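Chemist: pasting the sequence and the predicted coordinates here, then a few questions.
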Number of protein chains: 2
Amino acid sequence: MKNNIRVERAIINITQEELANRIAVSRQTINAMEANKYVPSTILALKIAKVFGKKVEDIFILEKHD
Amino acid sequence: MKNNIRVERAIINITQEELANRIAVSRQTINAMEANKYVPSTILALKIAKVFGKKVEDIFILEKHD
DNA sequence: TATGAATGTAAAGTATATTTTACATAATGA
DNA sequence: TCATTATGTAAAATATACTTTACATTCATA
């Protein structure tokens, strides 16, 4: 699975830390997500999509091997 | 967070085991999700929504305390 | 009533998400 | 140049997702 967090973050111009604060996780969690270091929980996916005003499917994209 | 898995499953008339097979998890994982025993990963949420032909937001709903 | 299919549940084990702390680096502006 | 802000990264600790095995229960139906 890949994601567009970095791009969406750029669109609304917020830092990793701001996004982290808005969804109540650590900044490292955001950084690791953007680096595809792990798969976030559905709660985080819903919150992130909400911050960006988009659907989860618009931010997180399944890949063949998933 | 709550979810509509049981209802969506009833709509397309498949068992927990069939859903489990389709998204490649154990039947107990589906059962536990329906019982809100844990929060699934975003990969599973995306796969489940896909099986039901809906958006993640239509199946998984954030609650106040999330 | 007996049988099978679907579901509920529990315990133990493994994998992985997330936090915390800490430090390093890059970029920007005073 | 110096200070600040944003980002990358890593290790250790903790929480939780998910599997496997196993058994119990419910429900429909022969």
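Modeler: Cool, got the structure.
Chemist: the helices in chain A, which residues?
Modeler: With helices called from DSSP state H, chain A shows them at A:5-12, A:16-23, A:27-34, A:42-52, A:56-59.
Chemist: quick one, grab the pLDDT at the residue in chain A positioned nearest to DNA strand C.
Modeler: Residue nearest to DNA strand C within chain A: A:Y38 (2.6 Å; Cβ to the nearest atom of the strand). Where you see a C-beta, it was placed from the backbone N, CA and C, and this is true even at glycine. Looking at A:Y38, its pLDDT stands at 92.
Chemist: for B:D66, see how far away it is.
Modeler: Taking Cβ to Cβ, to the nearest Å as the measure, A:Y38 falls 19 Å from B:D66.
Chemist: who has more neighbours, those two?
Modeler: The neighbour comparison of A:Y38 against B:D66 (other Cβ atoms under 10 Å in any protein chain shown) goes to B:D66, with 15 against 10.
Chemist: thinking the more buried one is in contact with A:I43, fair?
Modeler: Yes: counting by Cβ atoms under 8 Å, A:I43 is a contact partner of B:D66 at 5.4 Å.
Chemist: okay, now A:N31: neighbour count?
Modeler: A count of nearby residues for A:N31, using other Cβ under 10 Å, gives 15.
Chemist: that one: what's it in contact with?
Modeler: Residues counted as contacts of A:N31 (Cβ atoms under 8 Å, 6 or more residues apart in numbering or on different chains) are A:Q16.
Chemist: which parts of chain A sit against chain B?
Modeler: For chain A, the residues in contact with chain B (Cβ under 8 Å from any Cβ of the partner chain) are A:1, A:39-47, A:49-50, A:55-57, A:60, A:62, A:66.
Chemist: and the helices of chain A, which is most packed in?
Modeler: When these are scored by mean count of other Cβ atoms under 10 Å in any protein chain shown, the highest mean neighbour count falls to helix A:42-52 (a mean of 22).
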